[in-house]
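Asks: Okay, predicted coordinates and the sequence, questions at the end:
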Amino acid sequence: MDIISHALWTNLIFKEVGAPQRAVAVFFGVLPDLISFSFLAAKDSIKKTMHYTNPPLQIFPKYIFKLYNITHSLVIWLGVFFLLKILGFSWLALVFCGWGLHILLDIFTHTSAFFPTPILWPFSKFHFSGINWSNKWFMLFNYAVLAFMYLVFYF
């Protein structure tokens, strides 16, 4: 899913949480993609080679795939979540759920062909081949649902 959608869905899901905590949840909701792709995006914008569709996988350095596996694994996320709970950081564990939401959304909005979400990494490469989030019809549907939900819950 695109980073704006991740931010909007996280903000919507955390609407009952106070504004400061919600802002941190939204930050966590976009952080997996920021960690995975920020350096490459900055480098590409400097070179002016930004892609608005799925670029060929060959252009991605190997470290991108490693970062993606780490940041998009429910196993890693659960480990960090439980560590936060055990250490007594309950408020941080709550907003860290924004990261978990990011992974859950990506499970169903990535295909096997382009950055499938490695749910059980590092134990397995298992993934679900869902809907390609960059399809125009899906983007239209996604933003229409988001607009409707914001109208219902915020206005």
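Replies: Everything's here; your move. Numbering: from 1, shown residues only.

Asks: any idea how far the residue positioned nearest the centre of the chain lies from residue 59?
Replies: The centroid of the chain falls nearest to residue 102 when counting by C-alpha atoms, centre = their mean (3.5 Å). Applying C-beta to C-beta, to the nearest Å, the value for residue 102 to residue 59 is 23 Å. No exception for glycine: its C-beta is placed from N, CA and C like everyone else's.

Asks: Surely residue 22 is in contact with residue 12?
Replies: No - Residue 22 is beyond contact range of residue 12, at 9.9 Å (criterion: C-beta atoms under 8 Å).

Asks: next one: phi and psi at the spatially closest residue to residue 132 that is not a sequence neighbour?
Replies: In this structure, residue 132 finds its nearest non-sequential neighbour in residue 111, 5.1 Å apart by C-beta to C-beta, 6 or more residues apart in numbering. Phi and psi for residue 111, reported as degrees, to the nearest 10, are phi -100, psi 170.

Asks: Spit out the contact partners of residue 111.
Replies: For residue 111, the contacting residues are 129-132, by C-beta atoms under 8 Å, 6 or more residues apart in numbering.

Asks: can we see that at 10 Å?
Replies: 54, 117, 127-135 (C-beta atoms under 10 Å, 6 or more residues apart in numbering).

Asks: Which ones among those residues map onto helices?
Replies: Judged by DSSP state H, helices contain none of those.

Asks: Save those residues as JSON lines, and put in neighbour count and pLDDT too.
Replies: Output for the contacts of residue 111, formatted as JSON lines (neighbours: other C-beta atoms under 10 Å; pLDDT from 0 to 100):
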{"residue": "54", "neighbour count": "13", "pLDDT": "66"}
{"residue": "117", "neighbour count": "26", "pLDDT": "93"}
{"residue": "127", "neighbour count": "19", "pLDDT": "90"}
{"residue": "128", "neighbour count": "13", "pLDDT": "89"}
{"residue": "129", "neighbour count": "13", "pLDDT": "91"}
{"residue": "130", "neighbour count": "18", "pLDDT": "90"}
{"residue": "131", "neighbour count": "15", "pLDDT": "92"}
{"residue": "132", "neighbour count": "15", "pLDDT": "90"}
{"residue": "133", "neighbour count": "21", "pLDDT": "88"}
{"residue": "134", "neighbour count": "16", "pLDDT": "86"}
{"residue": "135", "neighbour count": "13", "pLDDT": "90"}
